[in-house]
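>>> compute the structure for the input listed below.
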Amino acid sequence: MDVYRLVHGKSFWIFLVIIVATAALATGMMSAVTSPEFLQSMQSASDAAARSGFRFSITSGPDFDTSDYADVNAAIAMLSGDITQMAYIGKLFLNGGALTIMFAIFLSIFLASEFETGFSKNVFTVQPNRLAFLGARVVEVVVLAAVFVAVALAATLASAALFGLDLAPSPLPDFLLWSALVTLVTAGFGMITALFVWLTRKMAVGIVVGVLLSAGLVTSILQAILLLFPDLMHLADFTLGSCMASLGQGLNVAGGLSPVHVACTALVFLVASAALSALALQKKDI
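Numbers count the residues shown, from 1 in each chain. Coordinates of the predicted model:
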């Protein structure tokens, strides 16, 4: 693992700071809108709307219902009630792919720089065995995925404690298992990104592929195609996007994927990407 380049590079620290800032800002805003003061102001707005329905009906149309204010108020209050640590972190970083997008962009920058600076050429001169290089990089991807996930989890929980946002605690064994699965799926996205970087030697290609996969676009397209074949709809569950979406809701939730399913799917993508990467690294253009 190239610790020196990693530690002395700027991109690694920049992305970690972005993760911490995202957790702090989002949690601070959540704490503000779920505070008793804010909820009281929403209740007051709801009461005022009920007393002045005629004025609202002029601007909002005859079908305007002042009870909508109460509905919004109730919805905001629900955000702070009985949401688990896993579900909150999932809403913040997993649903929508925020964490994996940042990880894919960082990996593309880091891995592509090896070819742009000639670092890999020097490595292959000393160590011609490219499988050894690949093995080291696979370990690197998994370790870096664990670091990104750990920072996201720690930053979110610390921010929740700092801003006084009450999250329902998750049993420690479940939380650790869930964290390991998130790391495994994140590493799966990372290995696919790495495959395209090694295949093309281009940072931009890795970023585009990583972002499209992490954002769930490929999974959404697959699901749309499978709508034409209802009997095959379950195949969409065997994608990293579906696994991460399930983890974004928590662990063993109703309608979610089982931990074994998630782990096996992520491992298949990891192994398959590593095998294809072994072929991609045989290129002699470096």
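>>> how close does residue 209 get to residue 168?
For residue 209, the distance to residue 168 equals 37 Å [C-beta to C-beta, to the nearest Å]. Placement of C-beta: from N, CA and C, glycine included.
>>> any weak-confidence spans in the chain?
Under the criterion pLDDT under 70, the flagged ranges of the chain are 1-2, 4, 35-82, 117-128, 284-286.
>>> can you pull out the helices in it?
Here the chain has its helices, by DSSP state H, at 3-8, 10-33, 36-51, 53-60, 67-79, 85-89, 98-116, 119-126, 130-163, 172-200, 203-214, 217-226, 240-247, 259-280.
>>> got CSV for these, with mean neighbour count and distance to residue 233 too?
Listed next are the helices of the chain as CSV, based on neighbours: other C-beta atoms under 10 Å; distance: least, C-beta to C-beta, whole Å:
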stretch, mean neighbour count, distance to residue 233
helix 3-8, 11, 41
helix 10-33, 16, 33
helix 36-51, 14, 40
helix 53-60, 12, 40
helix 67-79, 14, 30
helix 85-89, 23, 25
helix 98-116, 22, 24
helix 119-126, 13, 42
helix 130-163, 18, 29
helix 172-200, 22, 21
helix 203-214, 20, 20
helix 217-226, 14, 5
helix 240-247, 25, 11
helix 259-280, 17, 15
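>>> now these in CSV, with distance to residue 253?
Below are those laid out as CSV (distance: least, C-beta to C-beta, whole Å):
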stretch, distance to residue 253
helix 3-8, 35
helix 10-33, 20
helix 36-51, 27
helix 53-60, 37
helix 67-79, 17
helix 85-89, 8
helix 98-116, 19
helix 119-126, 43
helix 130-163, 18
helix 172-200, 11
helix 203-214, 21
helix 217-226, 18
helix 240-247, 8
helix 259-280, 11
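>>> residue 12 against residue 3, yeah?
No - using C-beta atoms under 8 Å, residue 12 is not in contact with residue 3, being 10.5 Å away.
>>> which residues touch the closest residue to residue 210 other than its chain neighbours?
Excluding its sequence neighbours, the residue lying closest to residue 210 (C-beta to C-beta, 6 or more residues apart in numbering) is residue 104, at 2.5 Å. Residues near residue 104 by C-beta atoms under 8 Å, 6 or more residues apart in numbering: 189, 190, 193, 206, 207, 209, 210, 211, 213, 214.
>>> contacts only, for the closest residue to the third one other than its chain neighbours.
By that I understand residue 193. Once flanking residues are discounted, residue 193 sits nearest to residue 210: 3.8 Å by C-beta to C-beta, 6+ apart. By C-beta under 8 Å, 6+ apart, the residues touching residue 210 are 100, 101, 103, 104, 105, 107, 108, 189, 190, 192, 193, 196.
>>> how close does the nearest residue to residue 101 once chain neighbours are set aside get to residue 158?
Take residue 101 and drop its neighbours on the chain: the residue closest to it by C-beta to C-beta, 6+ apart is residue 214, 4.4 Å away. Per C-beta to C-beta, residue 214 is found 24 Å from residue 158.
>>> now swap in residue 256 and tell me
Residue 256 is 27 Å from residue 158, by C-beta to C-beta.
>>> next one: residue 113
31 Å.
>>> same thing with residue 146?
Distance from residue 146 to residue 158, by C-beta to C-beta: 18 Å.
>>> now do residue 236
For residue 236, the distance to residue 158 - C-beta to C-beta - is 35 Å.
>>> ditto for residue 231
From residue 231 to residue 158 the distance is 47 Å (C-beta to C-beta).
>>> do residue 147 as well
For residue 147 relative to residue 158 (C-beta to C-beta), the value is 16 Å.
>>> then residue 32?
Residue 32 is 17 Å from residue 158, by C-beta to C-beta.
>>> next one: residue 93
From residue 93 over to residue 158 (counting by C-beta to C-beta), the distance is 14 Å.
>>> from memory residue 99 sits against residue 147, does it?
No - contact criterion C-beta under 8 Å: residue 99 and residue 147 do not qualify, at 11.5 Å.
>>> report the contact partners of the nearest residue to residue 9 once chain neighbours are set aside.
Using C-beta to C-beta, 6+ apart and skipping residues adjacent in sequence, the residue nearest residue 9 is residue 110, 7.0 Å away. Residue 110 makes contacts with 5, 6, 9, 11, 12, as judged by C-beta under 8 Å, 6+ apart.
>>> same thing with residue 153?
So residue 153 contacts 89, 179 (C-beta under 8 Å, 6+ apart).
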